[in-house]
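Student: Give me a model of this one.
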Amino acid sequence: MQKIRNRTKEIRIGNVRIGGENPIAIQSMTNTKTEDVKETVDQIHALEAAGCEIIRSAVPTMEAARALREIKDQIHIPLVADIHFDYRLAIAAVEHGADKIRINPGNIGSKERIQAVVDCCREHGVPIRVGVNSGSLEKERIEKYGGVTAEGLVESALDKTALIEDMGYDKLVISIKSSDVLMCIRAHEIIAQKTEYPLHVGITESGTVYSGSVKSAVGLGNILYQGIGDTIRVSLTGDPVQEIYAAKMILKTLGLRKGGISVVSCPTCGRTRIDLIGLAAQVEEMVKEFDLDIKVAVMGCAVNGPGEAREADIGIAGGIGEGLLIKKGEIVKKVPEAELLETLRQELVDWKK
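Tutor: Prediction:
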């Protein structure tokens, strides 16, 4: 049984609230040049359509910071500015409409510069996400703990959080990330006991769409199952839209989100007489256009196919050059293999009619 989610402080990011009793929000990050407003907006629109709820963009230049206002005016979800090294970029991002900023106070500079950023965020009511990654852990903590450890990551994050609190600001979100899945899990178990700030959870530098999705599912699954986490990102080397699909699947598998079609399919064997692999891939892609909270089965043979398909809301089961359409446990009709996909699609179109 899933544990009850940790009750964290509620923070408002643009038109989205996180923490408290709010649902876990899905984030992603653009991989366009933020200075290119059209390209960035087009990518954010694609992410919005896929289900992204908060978007982050890198702000490496003053031109990028100034572009945020124009970008924000054309999108519908909160825009987070990701800043490193130059505190002036953080201030400019806030002044140009960022709904939240992500900084590592350790690389922003002196306390005076951090204070300037905090003062600007307080003036505009913009939350700060304090981000610490295993790849940038301070040398003194590496020496203290004998390497990069979960304990060191937590200590670093909490020290930076305390620094901003001492400057009189507490609209904060914390993220501690590592590409080491087990270290990341342990770090979140520790920090969840030490703070009430919302936690943004992810496995950083997790890899390609395949390997990154697997690592993120293991890491995020463990963390979320313990009731930890208020926003998530599945970091993948690829089209960021794939991050949204993976995040939605993780949340749905854990019972933390409803909506969207779940596709189940058999692994194939020597009895399969249709192109089940190709058909299942086509079905999985096709159902993304439907906002239905149902289960679709794609089965490949006459042994277990019909029975398994009957356990889904709707399913197709293959035979030799043909297949069955099964709906609500009943065989509806037999159709040629070439018509299976379109037959299923039409059933989905008419599902609520």
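
Student: CA only for contacts and neighbour counts going forward, please
Tutor: OK.

Student: Helices of this protein, residue ranges please.
Tutor: Here the chain has its helices, by DSSP state H, at 37-50, 62-72, 87-95, 111-124, 139-145, 150-166, 181-191, 209-225, 240-253, 276-286, 305-310, 340-349.

Student: least reliable of the ones you listed going by mean pLDDT?
Tutor: Mean pLDDT values for the helices of the chain show the minimum at helix 305-310, a mean of 62.

Student: count of neighbours near V117?
Tutor: The tally of other residues near V117 (other CA atoms under 10 Å) stands at 25.

Student: My read is that it contacts L89, right?
Tutor: No. When contacts are counted by CA atoms under 8 Å, V117 is not listed as touching L89 (9.3 Å).

Student: shared neighbours of those two, anything?
Tutor: Taking CA atoms under 8 Å, 6 or more residues apart in numbering as the criterion, V117 and L89 do not both touch any residue.

Student: I'd like the helices of the chain as JSON lines, with distance to V173 appended.
Tutor: Shown next, in JSON lines, are these (distance: least, CA to CA, whole Å):
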{"stretch": "helix 37-50", "distance to V173": "22"}
{"stretch": "helix 62-72", "distance to V173": "21"}
{"stretch": "helix 87-95", "distance to V173": "16"}
{"stretch": "helix 111-124", "distance to V173": "13"}
{"stretch": "helix 139-145", "distance to V173": "22"}
{"stretch": "helix 150-166", "distance to V173": "9"}
{"stretch": "helix 181-191", "distance to V173": "12"}
{"stretch": "helix 209-225", "distance to V173": "17"}
{"stretch": "helix 240-253", "distance to V173": "19"}
{"stretch": "helix 276-286", "distance to V173": "34"}
{"stretch": "helix 305-310", "distance to V173": "44"}
{"stretch": "helix 340-349", "distance to V173": "40"}
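
Student: Of all the residues in stretch 47-59, which ones are buried?
Tutor: Neighbour-count burial for stretch 47-59 flags 47-48, 50-59 (criterion: 16 or more other CA atoms under 10 Å).

Student: whoops, I mixed them up, stretch 198-210
Tutor: By 16+ other CA under 10 Å, the buried positions in stretch 198-210 come out as 198-207, 209.

Student: Please flag which of those residues sit within strands.
Tutor: Judged by DSSP state E, the buried residues of stretch 198-210 include 199-202 as members of strands.

Student: Of those residues, which is the nearest to L224?
Tutor: Lowest distance from L224 to those (CA to CA) belongs to V201, with 8.7 Å.

Student: thought the closest one was touching S178?
Tutor: No. The pair V201 / S178 is not scored as a contact, 10.1 Å apart, by CA under 8 Å.

Student: Any chance of TSV for the ones in strands among the buried residues of stretch 198-210, columns distance to C184 and pLDDT?
Tutor: As requested, those are exported to TSV (distance: CA to CA, whole Å; pLDDT from 0 to 100):
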residue	distance to C184	pLDDT
L199	13	96
H200	12	95
V201	9	94
G202	8	90
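
Student: What is the nearest of those residues to E21?
Tutor: Nearest to E21, judged by CA to CA, of these is L199 at 13.4 Å.

Student: and that closest one, what are its bridge partners?
Tutor: Judged by DSSP bridges, the bridge partners of L199 are I174.

Student: what's near enough to touch it?
Tutor: By CA under 8 Å, 6+ apart, the contact list for L199 reads 173-175, 228-231.

Student: Perfect, I'm done here.
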